[in-house]
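Engineer: any chance you can model this:
(chains A, B, C and D)
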Number of protein chains: 4
Amino acid sequence: MAGNTIGVLFRVSTWGESHGPATGAVIDGCPPKIDLEESDIQKDLDRRRPGRRPSASARSEPDRVRILSGTFEGKTTGTPISLVIENRDARSNAYEDLRDVFRPGHGDISYQSKYGIRDHRGGGRASGRETAARVAAGAVAKKVIGRQGIEIIGYTLEIGGISSRRFSEREIGRNSLCCPDAEAAGRMEAALRQAKSEGDSLGGIVEIRVRGCPAGLGEPVFDRIDADLAGALMSIGTVKAVEVGAGLQAARMKGSRCNDPITAEGFLTNHAGGILAGITTGAEIILRAACKPIPSIEKEQQTVDVRGRPMTVTVRGRHDVAVIPRIIPVCEAMVAIVLADHMMRQQAAGQ
Amino acid sequence: MAGNTIGVLFRVSTWGESHGPATGAVIDGCPPKIDLEESDIQKDLDRRRPGRRPSASARSEPDRVRILSGTFEGKTTGTPISLVIENRDARSNAYEDLRDVFRPGHGDISYQSKYGIRDHRGGGRASGRETAARVAAGAVAKKVIGRQGIEIIGYTLEIGGISSRRFSEREIGRNSLCCPDAEAAGRMEAALRQAKSEGDSLGGIVEIRVRGCPAGLGEPVFDRIDADLAGALMSIGTVKAVEVGAGLQAARMKGSRCNDPITAEGFLTNHAGGILAGITTGAEIILRAACKPIPSIEKEQQTVDVRGRPMTVTVRGRHDVAVIPRIIPVCEAMVAIVLADHMMRQQAAGQ
Amino acid sequence: MAGNTIGVLFRVSTWGESHGPATGAVIDGCPPKIDLEESDIQKDLDRRRPGRRPSASARSEPDRVRILSGTFEGKTTGTPISLVIENRDARSNAYEDLRDVFRPGHGDISYQSKYGIRDHRGGGRASGRETAARVAAGAVAKKVIGRQGIEIIGYTLEIGGISSRRFSEREIGRNSLCCPDAEAAGRMEAALRQAKSEGDSLGGIVEIRVRGCPAGLGEPVFDRIDADLAGALMSIGTVKAVEVGAGLQAARMKGSRCNDPITAEGFLTNHAGGILAGITTGAEIILRAACKPIPSIEKEQQTVDVRGRPMTVTVRGRHDVAVIPRIIPVCEAMVAIVLADHMMRQQAAGQ
Amino acid sequence: MAGNTIGVLFRVSTWGESHGPATGAVIDGCPPKIDLEESDIQKDLDRRRPGRRPSASARSEPDRVRILSGTFEGKTTGTPISLVIENRDARSNAYEDLRDVFRPGHGDISYQSKYGIRDHRGGGRASGRETAARVAAGAVAKKVIGRQGIEIIGYTLEIGGISSRRFSEREIGRNSLCCPDAEAAGRMEAALRQAKSEGDSLGGIVEIRVRGCPAGLGEPVFDRIDADLAGALMSIGTVKAVEVGAGLQAARMKGSRCNDPITAEGFLTNHAGGILAGITTGAEIILRAACKPIPSIEKEQQTVDVRGRPMTVTVRGRHDVAVIPRIIPVCEAMVAIVLADHMMRQQAAGQ
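Structural biologist: Predicted structure coming up:
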C-alpha cells in the first residue's frame, strides 16, 4: 500500500481524484527562505492547461492553486507546503454510463482488480488530472534547484511518428506544440487534426534537457539519478519508455563510439546524457519519454464490463487528441522533483 | 546520501567494492517459512559467471555465496537474510596505473566529483561486480514470488544491432547467448568475435517477460509498478533505456491500435505490457532494457587524469565484450525484487 | 529535512500552521472499502475541543473536517485521503508583540535556529493546533484497526501530581477530565483552578490501553512496536517521557517479579505491557505519556528576543491550563496510527 | 515486514542471530573521507563485553569486527560500510531443551506468534547479542558527529533501585559499573551479588548526555529529535521507559518552574533536556532509559511450551545479572546514530 509520495528529502505527496472536490500536493522538506508565491506555481499550471491547439480538449480547467501552509510573508518556512487546486467544471454525469465499463487502455480494469472499488468518474485517481498536482509541486522544486542555477527545458521531439529534425530553442515557445522545429510542428498539427477527425488519438516523444546541473548528484546503487529519473518519468501514466542520453541507440553503438571522450574542458560528445554510473557529470542531462496515444477515443472499441460481459464502448467526453504538449510541464516537474531531492541529498554530506 | 537499498517491504541493500574483501546483500522483510538453501542462490550466480562465450572475460569469479543469517534449519525465519560473496581472484595491481585516470564511459569521474575520494580498483563500487549481490538477492525474491506462481524469463533480444527475429523459448537455454533465435545467435557471436578482435565492445537489448503475475500489483501514483520496474532496471549501470510493452513504438501508434481490446478471456493484444495505470492486469509483463557497450575497451581513448591533464588510456584487464548475456540474470533479479515487494504491499491491505 | 510523515504502509502526513488558512492530513495507504464519513472523524475532533473545563482556553475552534479525496460513495477507495480543517477564529494580532520574542518552553528559539525564519503567530507549525490533523488521521486509523477488533482507550492518570487511585472505565466518560477516578478528578479540578488563578499551568500523565490487539505486531529490531509507539507519543510536543507496561518501575523490580508468568490462558501479570521483544503478545498494551505543563503562562518570565536582548514576557492570549484532557485523543490517534501501520505490515507476509 | 533499518540519510541495518555464523551491520550514507579503522569500532565493542563485574556472564565473546566495504586506505568512501562480527563460543546445545519452551520475559512467545518459526538458540534475533552490531555502527556514527564536536557520555544512574546521588564524570571510568557516584557503585555491586546468589536479576536506569550538539537538529512534526531518540532507545530490548530532560518529573512541575528561562548566555535551567518542539536548542541533551531486569534467571518460573502445555523453566546458561553497564555503549550507539542522521538531514537544506 501507499505509493503516492516521491523523494527522500524533498518529498512530494499528491492526492485527489478527477471528479472529487479538489486535488493537491504536500511538499515536505522544501528548504526555508525561498521566495514563493502562488503566481510562481500558477505559471506552470497554465502551461498544462488545454489551449487552442488542435490537440486540446474542450474542458476548461482554471486550475487555480492555493498555498495553504509552509510560507510566511512570501517565503518558505521549511515546514510542509500544502497546495490545493479545486476541481471545477467536472461534469461527472458524462461518466455515469461508464460506471461499470472498463475502457481499453485505461486503469479501470486494473484499479478494479486491485481495490475492488473505484471512483469511475473521469478515471478517478488514474486520471491525467492528477498530474496538475505534480506540476504544482514541480514548480516549487524548480525554485529550489533554480537557486543553484539548474534549468529544465522540455519540448516535443515527436508526435504521431513525425520527428523534429532541427533544434531551435527559441522556436519551442513560439508554436503551440512546443516543438523546436517549426516545420515539423506544422506537420504534427496536421496529423493531430487528421486523428481528431477519425475519432482517434496520437502518441509522441518528449525530450527534456537539464542545464547547469552540478556534477555529483545521484547515489549508488539503486538510487542512481538515472534510475530515479526513469522511475519518475515512467510514473506518468502515459509514458511507456524512457531513454537517457543515447538511449536505445547506445545498444547499437560500439564502445569506442559510445564512450564520451574526456577533455579538460569537458566531454567531446554526450551519449551518456550527463550521467555516468548513476551520478551526474556536469554535462547536460538528456532524457526522453515516449508517450502512448491517449486511450480515450471516440472510435468504437471492444471491451467488457465489471461482470465480464462483452460490449463495445466509445468514449465521448472532452478529451485531448495527444498528451503532448500538455504533458511537457509534467515531465519537467518530475525531473525537477528528482533533482531537488538529489541536490539536497548531496548537500547532506556537508562537504 | 544513502541509496543502496531498494524496496519498501521486501528490502534489499547491497554493499561491496570490486576489489574489497567481499560483496554482499542484506534482505530485510523476506516472509518466514520459505525453503532457502545456498544452492538456490548459487544457481543464479552461476548464470552470471563468465563462460566460454566469445563475449566473456577471462576473470574467473567463483562467486560462492554464504547465508549468514535469516534462515534456520533450511527455512527463512522472517529476520534479515545476510548474503556474502567473497572476492577472490581480484588482481588489484592491474589497476594501479589507472589510479588517477578517468576511464571514459566509467563512473571514475562522477564518483570523484561526488565523493572527492574513490576506490579506483576495478571501478570500486561502480563495478559490474556489484551486480553479483543483486543476483543473489534476486534469487531469494524469485523464491518469494515463485510461491504465487510468478515466473520471470530474460533473454537476448539484440546484440550489436542484430535482432532476434523469432522466439523459441527452448532455444534460450541452448545457446550461450541466451537468445531465443538460434540463427540470430550465430550472427551475434560473429559480431562479438569481430568486436573483440578490434579491441572494441558491443551493446544490446535484454527482454524480460513475467508470467503468472496476478492483477492488482502496483501503487498509484509514484510507485506504479512500471515506474518501479523502470527505475530498477535503469539502476543497472549498463542500461540506458527501458521500455514497457510496446515501449517506444507506442509513441507511433494510434490509440485505436495501441489500446488492447478486452474480452472475457483477457486482452486481445498486449501493447500495455501487462500494466495499466501502473497496476498489473494479469497479462504477461513485458520489459526491455537497452544496454550500452562495455566501456572498458583496449582501443586507445582520449581522457584526463584527476588533475585535469589530458592523456590517452587503453583499458587492458580481463573484460567482457558485451554485458549480454551476463546481465540477464541481473535484469531478472531486479524485476523479481520489485515484484516481491509489490506482492507484499498488495497483501498488506489484507483483503 | 522532511519529517512530517509517519508510517510505512499506513502513512500519515500532516501540514499547517496555527494561524495559516488551514491545517490538514493526507493518509496514504488506507485499505479500500472501509466505511468513512466526515462524521466519523468529527467525533474525535470534538473530543479535542476546549470545553467548559477549568483547564480550557477561551478560543473556540470549530475544527470542521472535510474529506477532499480518497472516498467514493461513503467508502474508502485505497487512494490518498486528504483531510482539511480550516483555521477560523485565529486572532493573529494577539501575537504581533511576540514576533521577535522567544517564549520560554516553546519552540520559538529552536525553530529560529533551525530555519532562520518562522511563522511566529501562535507558534506556527509548533503549535498544539497541529495535533488536530493528527486526531483526524487517527480517527481513520481507528476505523482500520477497529475492523480487527482493536480498541484504544486513553484517560487521565495524573494532573499536577494528583493521581488516579482507582480505575472505573465508566467514570472516564463522566467527568470532564476523563479521569477513571471521580474523587481524584475533583481534586485535579481544584488544582487546575488554583494554577489558573496564579497565571500558571500544570502537567500530567495520560495512560493508554489497547485491547483486542492480536499477537505478532511489531518488527525486529528498530521498528519494534514499543519503539514506534514511544516515538509516536514522544512526537507530541508536550510529552517528555513514555513508559511501556511497568515502565520506570520495571527498573526497580527483580527478574523473578518483572517476568510475567505464562499459562495456557495467557499471562498472569502484565509488566511487559503486552509487548515482548518489540512484538505484541496479545495481552493488553499499556502505555503512559508524561506531559509537561503548558509553557504559555501569564506569569512573567525571563527571556531574550531574536537579537539576544534580555527581556521579560507574559503570554496572554487564550490558553489552556493543562494539555490534559485535550491531549488524550491525540495520544490515542498516535497509537492508532502506529497500530494500523503495523497491522498492515504484518498482513504483508501473506500468511 | 522489514524493520531492521534505522535512519533516513545515515542508515544502519543490522542482521544476525545469536547462534548463527555471524552478526553484522551495513551503514549506508556515511559521509566520505572520514578516518575509519577497525580499531575505532573495536574500542566500543570491547566496552560491551562482559568483564569481571559481578553482573557479568561467563560467556566470553571476543566480538572481533571486520570492515568488508566502504573504506579505502583508511578512509570512508561514501559507499556502504559492511561490518561483520563472527559468532564464536556460542554453545547452542545449551539451548536444545529450550527449543519448544517460551521463556517468560523473552521474545520466544511473541516471535512464535509472529513468524510461526524461530531460531530458538540463545533467543535468535531477539538476543541481546544483536546489540553488538548496533554498537559497531554507533562507533562509526560517533566519528561522524565527532567531526562537529558532538560528544556522548552514558553512565549508570540506578541499579536495583539504588541511585547515583552525585555526579563525578571522572568516576564513570573508574568503577566497573560506570557509575558517576563511587559510593553508590559500591552498594550497587553488593545488590548485584545478592541477586546473583538468589538466581535472580536486577534492572536499572542509564542516563545519556550529549554535549556540543548544535541547535537546529530535529524535524517537525513526527521526526522530532526527541521522538527519534525515544524510539531508538526503546528499540533496545531491555528498555521499558524513556525520559527527556525532566522527564516524568515535568508532569509534576508548574509551567513557571518547568519552563527554562532564557538569557543571552543560554538557558538558566535544563528541564527541556536540550530539546524544544522536537528541535535541539544547543543546550546539553539529557536522556534516560529505564532497563528491566534480565529475564533469564535461574529461579524456577511458570510457563508453557509451544503447544500450550504448562511447565516450569529455569534458565541456566551464562547470563548477566543486569544489562547495566553492558547496555551503556548500546544506548550511546543509538543516540549517536540518530544524531548523525539528523545532522545530515539538517545539512541537506544547504544553508
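Engineer: pLDDT score for the residue located most distally from the centre of chain A?
Structural biologist: Most distant residue from the mean C-alpha position of chain A: residue A:264, 35.3 Å away (CA atoms, centre = their mean). pLDDT recorded at residue A:264 is 95.
Engineer: swap in residue A:59?
Structural biologist: The score at residue A:59 is 53. That number is its pLDDT.
Engineer: count of residues packed around the nearest residue to the residue farthest from the centre of chain A once chain neighbours are set aside?
Structural biologist: Leaving aside its chain neighbours, residue A:264 sits nearest to residue B:308 (4.8 Å; criterion: CB to CB, 6 or more residues apart in numbering or on different chains). Where C-beta positions appear, they are placed from N, C-alpha and C, glycine not excepted. For residue B:308, the neighbour count with other CB atoms under 10 Å in any protein chain shown is 11.
Engineer: now do residue A:95 against residue A:124, distance only.
Structural biologist: 10 Å (CB to CB, to the nearest Å).
Engineer: neighbour count for those two, which is higher?
Structural biologist: Looking at residue A:95 and residue A:124 with other CB under 10 Å, you find the greater number of neighbours at residue A:124, namely 28 against 20.
Engineer: the longest helix in chain A is where?
Structural biologist: helix A:328-347 (DSSP state H).
Engineer: okay, the angle between it and helix D:328-347?
Structural biologist: When axes from the mean of the first three to the mean of the last three CA atoms, to 10 degrees is applied, the directions of helix A:328-347 and helix D:328-347 differ by 130 degrees.
Engineer: helix A:328-347 near chain C at all?
Structural biologist: Yes - with CB under 8 Å from any CB of the partner chain as the measure, helix A:328-347 is seen reaching chain C through residue A:344.
Engineer: that helix - what's its average pLDDT?
Structural biologist: 98.
Engineer: helices or strands up against that helix?
Structural biologist: Using 3 or more CB pairs under 8 Å, 6 or more residues apart in numbering or on different chains; DSSP states H and E as the contact criterion, the elements in contact with helix A:328-347 are strand A:5-6, helix A:38-48, helix A:131-146, strand A:151-159, strand A:204-211, helix A:225-234, strand A:285-291.
Engineer: and that helix with strand A:285-291, angle?
Structural biologist: Orientation check (the same axes, to 10 degrees): helix A:328-347 against strand A:285-291 gives 140 degrees.
Engineer: now mean neighbour count too, for the helices and strands packed on helix A:328-347, in CSV please.
Structural biologist: Listed next are the helices and strands packed on helix A:328-347 as CSV, based on neighbours: other CB atoms under 10 Å in any protein chain shown:
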stretch, mean neighbour count
strand A:5-6, 24
helix A:38-48, 18
helix A:131-146, 26
strand A:151-159, 23
strand A:204-211, 23
helix A:225-234, 29
strand A:285-291, 26
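Engineer: so which of those gets nearest chain D?
Structural biologist: Chain D sits nearest to helix A:131-146 of all the helices and strands packed on helix A:328-347, at 9.5 Å, using CB to the nearest CB.
Engineer: quick check: phi and psi at the residue farthest from the centre of chain A.
Structural biologist: In terms of degrees, to the nearest 10, the main-chain angles of residue A:264 are phi -60, psi -20.
Engineer: before we move on, what about residue A:267?
Structural biologist: phi -90, psi 140.
Engineer: what's opposite it in the beta bridge?
Structural biologist: Counting by DSSP bridges, residue A:267 is bridged to residue A:262.
Engineer: okay, now it: neighbour count?
Structural biologist: 21.
Engineer: please apply the same query to the one 5 residues further on.
Structural biologist: Here the neighbour count serves as a burial measure; for residue A:272 (other CB under 10 Å) it reads 28.
Engineer: what about it, which SS state?
Structural biologist: When classified by DSSP: H, G, I helix; E, B strand; the rest coil, residue A:272 comes out as coil.
Engineer: gap between it and residue B:330?
Structural biologist: Counting by CB to CB, the gap from residue A:272 to residue B:330 is 20 Å.
Engineer: residue A:209 too?
Structural biologist: Distance from residue A:209 to residue B:330, by CB to CB: 29 Å.
Engineer: and the residue of the stretch 251-351 of chain A nearest chain B?
Structural biologist: For the stretch 251-351 of chain A, CB to the nearest CB, closest residue to chain B: residue A:277, 2.4 Å.
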